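A.B. asks: Pasting the sequence and the predicted coordinates here, then a few questions.
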Amino acid sequence: MIGGMDAQSLISISLMKIHNSRTQRGGIKLHKNLLVSYVLRNARQVYIKEKYAEIYRMQQYEEVMTVCNEIQELNPLDLDAEEADEEERSRGEESSVCGAALQRGAAQPAALCRTGSAVSGCCPLEDVGKDPEPSYYRSCCMEAPPAAPCDPFTGSGGAHCNKTTVLDLDTHVVTTVENGFLHQDCCCAPTGQSAAKKRKVEFGCCVSDLDDVPDFTRKRAKREDCSFSDYTDTSNISNLISIFGSGFSGLLSRQADLEQICSKQALASLGAWTRAIVAF
Amino acid sequence: MAGPGGGSSDVQWCFSQVKGAIDDDVAEADIISTVEFNHTGELLATGDKGGRVVIFQQEPESKNQPQCRGEYNVYSTFQSHEPEFDYLKSLEIEEKINKIRWLPQKNAAQFLLSTNDKTIKLWKISERDKRPEGYNLKEEDGRYRDPNTVTALRVPIFRPMDLMVEASPRRVFANAHTYHINSIAVNSDYETYLSADDLRINLWHLEITDRSFNIVDIKPANMEELTEVITAAEFHPNQCNTFVYSSSKGTIRMCDMRASALCDKHAKMFEEPEDPNNRSFFSEIISSISDVKFSHSGRYMMTRDYLSVKIWDLNMETRPVETYQVHEYLRSKLCSLYENDCIFDKFECCWNGNDSVVMTGSYNNFFRMFDRGYRQDVTLEASRENSKPRSVLKPRKVSTGGKRKKDEISVDSLDFNKKILHTAWHPLDNIIAVATTNNLYIFQEKLN
């Protein structure tokens, strides 16, 4: 939080300014929009860093939950605690290959999240929430064979994922929704486990996932406990993010290789109409 | 109370005049967008958002009141630019006057350059105080006489008339800028001038309107790689080959036109490294330079960014020789200022006649003066409350700490809609012109 405003609000405000500048008298002001894009870049960098930290926390939570669920499967009275733990840990490791891969490099998940939807340029991880809060896992079902442990980076460059699977950790209800977004990669499903136990983590952009808008705003309100103003019209914001995503690529950070990968992938996935912002 | 000005530490400033409507309801067309004294200080020109130029002339000093310098009264008013429409791009071109620059006087007439976003115009302002009378073929009212009624010939003669000031456009320099013009600057050769937009600088000859030379072009091949724009440009006051331009990244580049036709490679680059402790979301915005001005001597130049004024020695590129904080208390308010767009305000700055004091504007109709010699600064206010003739301006103070002293104003009470972006200092005397939103205040040094 900087001066009472968080990165997300700054992103929203900045996009609104860029959007409004298109109808200003006298034409788009190049200087002002350039400065706004710098703020947007800075806010996005902070936002992504916050998300990395959140992903890392979520991964740790996920492993714990995996262990817990393994325990629940087995007869609690028959468990040899140590053996079970070892088993679960190994299964957990097996099952969350992606998680381990994620743990290898905190920066890596952003590759998944950034190349999420065709209409997104930047992508926060779906809010998982803290331990005591009911949370939702979103997952993307891969049409590719789930058996092979997947390296997040060898994801199918063009796999279309049409379904989103939502697992409620409290009720263990699994629901699948159509979303029709282009997902280039996602974690693979663990082998030998039932669907209910899948720990696929989706890094698709929740902002652009129109189905998820109500969830997103609700969780944001819970997690951050801040009230949003008119700027939380996230479907508009998603469009605006995509509009921005193609412009001023020179502003993208060159420090993080990841951002470069993500930016290139994000840029490549956007259509020509999204480059309008630089067409002054 | 002492205050900086004119090199001594005891200059006091008095209210002299205020021009403009008293209404609180400000018409957008009346918003003053530029202020400029001519080379002698006798004329003061203002431009507004409605495309009009108003020129004030100083009255000769009165014998009755020798302690009071002459007042400025309206000399000429004309419509310089009209709104236009670019049909190709479907864009409206604002008529707002971005800059006015006077040419030095060569004959009885005065010349100035005025520019909006796209077109620069050279205006001739001339006086007419005689008119010819006694034409043979025309009546006095201008109607033509029937030649058959002419029975005798006479020679027309000039008779005095009431002074009439006429402004006529002598040159129109158009179609040379794709982006918005932010600066014009007359060369010390008095034959050429430059105009700068966001990405390019063009060199013109005052007599030639159908041609200009592009001398700086920072447009990248791929616009998506754009990282900075040109924000201001100025010619050196006595080296006709030298000019500088500032950028949105806080750098100033000095170019020598003798080096090559295209001055993309700078001769010098002035840049101060950013203080990493002050890094924030808005670092790029507040480092963007909004104005650059050479000192009269040509030895120094001054730049204005959002929070500070910096004086640079042209012989040292690594850092400014002096830095003055204009309103450092706003650093913690940058978020709100970003939200309400105030962070994009472009403040100008100016030198006094002997380069000992610099002045710039702030919010709440405050303006600041920094005395370079005595290392003093003062904050003054332009308001109608202090507008009794010859009333001395009382220094103002913004309280930054917890406890607010009497007569101090707290940061949260500042009115950010009342901003002083444009100020000008008489080239020879201690007379300043300060533009609030739609009023022009003239203050003079108190003379005893």
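C.D. replies: Happy to help now that I have it.
A.B. asks: CA atoms of stretch B:156-176 as CSV?
C.D. replies: Listed next in CSV are the C-alpha coordinates belonging to stretch B:156-176 (Å, rounded to 0.1, in the frame of the first residue of the first chain):
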residue,chain,number,x,y,z
PRO,B,156,-4.6,63.7,-49.4
ILE,B,157,-3.0,64.6,-46.1
PHE,B,158,-2.5,62.8,-42.8
ARG,B,159,-4.5,63.9,-39.9
PRO,B,160,-4.1,62.6,-36.3
MET,B,161,-6.6,60.1,-35.0
ASP,B,162,-7.2,58.2,-31.9
LEU,B,163,-4.5,55.6,-31.4
MET,B,164,-5.4,52.3,-32.9
VAL,B,165,-3.4,49.1,-32.4
GLU,B,166,-3.6,46.6,-35.1
ALA,B,167,-2.5,43.0,-35.0
SER,B,168,-2.0,41.2,-38.3
PRO,B,169,-0.7,37.8,-39.0
ARG,B,170,2.3,38.1,-41.2
ARG,B,171,3.4,34.5,-41.4
VAL,B,172,1.7,31.2,-40.7
PHE,B,173,4.0,28.2,-40.1
ALA,B,174,1.9,25.2,-40.4
ASN,B,175,1.9,21.5,-41.2
ALA,B,176,5.3,20.7,-39.8
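A.B. asks: ok, and does that stretch reach over to chain A?
C.D. replies: No - residues of stretch B:156-176 are not located near chain A by C-beta under 8 Å from any C-beta of the partner chain, the shortest gap being 15.6 Å. The way it works is simple: take the backbone N, C-alpha and C, and place the C-beta from them, glycine included.
A.B. asks: Next, the buried residues of that stretch.
C.D. replies: Neighbour-count burial for stretch B:156-176, counted by 16 or more other C-beta atoms under 10 Å in any protein chain shown, picks out B:Val165, B:Ala167, B:Arg171, B:Phe173, B:Ala176.
A.B. asks: Show me how far it is from its chain's centre.
C.D. replies: 24 Å (C-alpha atoms, centre = their mean, to the nearest Å).
A.B. asks: Please, which helix or strand holds B:Pro160?
C.D. replies: Taking DSSP states H and E as the definition, B:Pro160 sits inside strand B:157-173.
A.B. asks: Now pLDDT and distance to B:Glu322 too, for the buried residues of stretch B:156-176, in CSV please.
C.D. replies: CSV is the format used below for these (pLDDT from 0 to 100; distance: C-beta to C-beta, whole Å):
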residue, pLDDT, distance to B:Glu322
B:Val165, 95, 41
B:Ala167, 97, 40
B:Arg171, 98, 39
B:Phe173, 98, 36
B:Ala176, 96, 36
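A.B. asks: shaky segments in the stretch 51-200 of chain B?
C.D. replies: For the stretch 51-200 of chain B, the stretches with pLDDT under 70 are B:63-68.
A.B. asks: So which bits of it are right by chain A?
C.D. replies: B:86, B:89, B:91-94, B:96, B:117, B:179-180, B:182, B:198-199.
A.B. asks: among these, which ones are buried?
C.D. replies: Buried among those (16+ other C-beta under 10 Å): B:Leu91, B:Ile93, B:Glu94, B:Lys96, B:Asp117, B:Tyr179, B:His180, B:Asn182, B:Asp198, B:Leu199.
A.B. asks: Need phi/psi at the nearest residue to the third one once chain neighbours are set aside.
C.D. replies: This points to B:Glu94. Among residues not flanking B:Glu94 along the chain, A:Gly26 sits closest, at 4.0 Å (C-beta to C-beta, 6 or more residues apart in numbering or on different chains). Per-residue torsions, A:Gly26: phi 90, psi 0 (degrees, to the nearest 10).
A.B. asks: Tell me who's in contact with A:Gly26.
C.D. replies: B:Leu91, B:Glu92, B:Ile93, B:Glu94, B:Lys96, B:Asp117, B:His180 (C-beta atoms under 8 Å, 6 or more residues apart in numbering or on different chains).
A.B. asks: Okay, the nearest residue to the third one once chain neighbours are set aside and A:Lys29: tell me how far apart.
C.D. replies: What that stands for is B:Ile93. Excluding its sequence neighbours, the residue lying closest to B:Ile93 (C-beta to C-beta, 6+ apart) is B:Glu84, at 4.2 Å. In this structure, B:Glu84 and A:Lys29 are 17 Å apart, going by C-beta to C-beta, to the nearest Å.
A.B. asks: Between the two, which has more neighbouring residues?
C.D. replies: Neighbours per residue (other C-beta atoms under 10 Å in any protein chain shown) separate B:Glu84 from A:Lys29, with A:Lys29 holding more: 19 against 16.
A.B. asks: OK, contacts around the nearest residue to that one once chain neighbours are set aside?
C.D. replies: Using C-beta to C-beta, 6+ apart and skipping the chain neighbours, the partner closest in space to A:Lys29 is A:Ser21 (6.3 Å). With contacts defined as C-beta under 8 Å, 6+ apart, the neighbours of A:Ser21 are A:Ile28, A:Lys29, A:Lys32, A:Asn33, A:Val36.
A.B. asks: please redo it, this time with the cut-off set to 7 Å
C.D. replies: A:Ile28, A:Lys29, A:Lys32, A:Asn33 (C-beta atoms under 7 Å, 6 or more residues apart in numbering or on different chains).
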